[in-house]
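Asker: starting from these lines, generate the structure:
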Amino acid sequence: MNKNITPTVEGGLLTAIAVILGLASTYLPIVGVAVEFFCPAPFVVLTVRRGVKIGLAALFVSFVLLTLFTSPILSTRIVLTLNLCGVVLGYCIIKKYSTVKSLLATFISAAISQMLLVGFLAAVMDINFGELEISTMKEAFGESFQIYESIGMEQAAINQMREQISKVIELMAYLIPLILILLALINSVACYLTSQWIFKKLQIEFLPPLPSFTEWRFPVAFLYVSAFAIIGMYWGGTREWNLIFTVSINILILSMGVGLLQGFSLLSFLADRYRVSKFWRRIFYILILLNGLLTQILAFAGLFDMLFDYRKKLDG
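Answerer: Numbers count the residues shown, from 1 in each chain. Take a look at the predicted model:
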């Protein structure tokens, strides 16, 4: 990008690109989901080149313009949960933070933004995010059951599926906090990946690459937290303490997810060590993901790897 261009022109151009991306993500079916992930990238570029103040000013202008062309809810969601991540990541690049620290800061900002959005919907628009998600799921599965009935599927099989789905939906009602965390994680990772690609195209210095996946390790705190979460689920379930049960089940599933990620990292290390071909390791990974028992075993292996560090013992 031409360095002689003035901050005003560059800021206006990148803000216009961000607004177009926001509108495209709102109005384009299917493709809009992919376009949405690129929304923060212009703000990363602008913040790195012109500073945080210019980035925040462009953020406000994009909010005003998106509100004019869409609605306050949509513009707030795009600006808070997506574009703000771009400014935060740009700030981290300016400060030359490590890649892990930058990703963590971006994720925290995305998580806080998700909570602010939920609070905004509840306080201003009187919209309950949890009830909205649950009702949407019920409507979607209700339409599916109608299709099954129209093609002549047996009513007994439909009733059995309906009962299983109702249990899943009941469980999902407890996992709203985890859903918000996952959305924040997706937004922050997408912001990092899209910005990395664009910075490479523009030949602008980006963050250092992440460590090899075989070297990924997470704090042992996840193991201890998961143990306390299991106890919390037992107490909350047997004594009908809904708050404790809800917090515990979200923490447990989050910890197990992190453990699963470290478990795959450990598997990748072993596959490299014993020279397993990429084809066979991918087949093995898919089989694990398709089998609930193997997935849980690998998640627990990853959690205990945080404590015992099997890779260090093997190398030793």
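Asker: low-confidence ranges, this protein, go.
Answerer: 1-4, 133, 140, 316 (pLDDT under 70).
Asker: list the buried residues of the helix or strand where Ile297 lies.
Answerer: Under the criterion of DSSP states H and E, Ile297 resides in helix 292-308. Neighbour counts using 16 or more other CB atoms under 10 Å place Leu298, Ala299, Phe300, Ala301, Gly302, Leu303, Phe304, Asp305, Met306 of helix 292-308 among the buried residues. Every residue, glycine included, has its C-beta placed from N, CA and C.
Asker: can you list the neighbours in contact with it?
Answerer: Under the contact criterion CB atoms under 8 Å, 6 or more residues apart in numbering, helix 292-308 has outside partners 217-220, 222-223, 226, 255-267, 287-289, 311.
Asker: continuing past it, what's the next helix or strand?
Answerer: Under the assignment DSSP H and E, the closest C-terminal helix or strand after helix 292-308 is helix 310-315.
Asker: excluding its backbone neighbours, what's nearest Ser98?
Answerer: Pro208 (7.4 Å; CB to CB, 6 or more residues apart in numbering).
Asker: oops, could you answer that again for Leu14 instead?
Answerer: Leaving aside its chain neighbours, Leu14 sits nearest to Pro42 (4.1 Å; criterion: CB to CB, 6+ apart).
Asker: hang on, the earlier thing: buried subset of the contacts of helix 292-308 as a ChimeraX selection?
Answerer: Selecting just the buried residues from these in ChimeraX takes one command, with 16+ other CB under 10 Å as the test:
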select :218,222,223,226,255,256,257,258,259,260,261,262,263,264,265,266,267,288,311
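Asker: sorry, back to before: got TSV for the buried residues of helix 292-308, with distance to Ala110 too?
Answerer: Formatted as TSV, the buried residues of helix 292-308 follow (distance: CB to CB, whole Å):
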residue	distance to Ala110
Leu298	27
Ala299	24
Phe300	28
Ala301	29
Gly302	24
Leu303	25
Phe304	30
Asp305	27
Met306	24
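Asker: and of those residues, the nearest to Met172?
Answerer: When those are compared for distance to Met172, the smallest value, 19.7 Å, is given by Ala299; criterion: CB to CB.
Asker: what's the separation between that closest one and Ile286?
Answerer: Note on Ala299: its distance to Ile286, by CB to CB, to the nearest Å, is 16 Å.
Asker: all helices of the stretch 201-316 of the chain, in order?
Answerer: Along the stretch 201-316 of the chain, the segments classed as helices by DSSP state H, counting those that start in this stretch run 221-238, 242-273, 278-290, 292-308, 310-315.
Asker: so which of these is nearest Tyr174?
Answerer: When the helices of the stretch 201-316 of the chain are ranked by proximity to Tyr174 (CB to CB), helix 242-273 comes first, at 4.9 Å.
Asker: output the contacting helices and strands for the closest one.
Answerer: Identification of packing neighbours for helix 242-273 by 3 or more CB pairs under 8 Å, 6 or more residues apart in numbering; DSSP states H and E yields helix 176-202, helix 221-238, helix 278-290, helix 292-308, helix 310-315.
Asker: 6 Å instead, please
Answerer: In this structure, helix 242-273 packs against helix 176-202, helix 221-238, helix 292-308, with contacts taken as 3 or more CB pairs under 6 Å, 6 or more residues apart in numbering; DSSP states H and E.
Asker: check the secondary structure at Tyr97 for me.
Answerer: Using DSSP: H, G, I helix; E, B strand; the rest coil as the criterion, the local structure at Tyr97 reads coil.
Asker: that one - nearest residue in space that isn't next to it in sequence?
Answerer: With sequence-adjacent residues excluded and distances taken as CB to CB, 6+ apart, Tyr97 is closest to Ala105, at 7.0 Å.
Asker: ok now the host helix or strand of the one you found, how far from the chain's centre?
Answerer: Taking DSSP H and E as the definition, Ala105 sits inside helix 99-123. The chain centre lies 10 Å from the centre of helix 99-123; the measure is CA atoms, centre = their mean, to the nearest Å.
Asker: would you mind pulling up the elements that that helix packs against?
Answerer: The criterion is 3+ CB pairs under 6 Å, 6+ apart, and the helices and strands that helix 99-123 contacts are helix 84-94, helix 176-202.
Asker: mind putting the ones you listed in a markdown table, distance to Gly142 and mean neighbour count included?
Answerer: What follows is the helices and strands packed on helix 99-123, written out as a markdown table (distance: least, CB to CB, whole Å; neighbours: other CB atoms under 10 Å):
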| stretch | distance to Gly142 | mean neighbour count |
| --- | --- | --- |
| helix 84-94 | 35 | 24 |
| helix 176-202 | 20 | 18 |
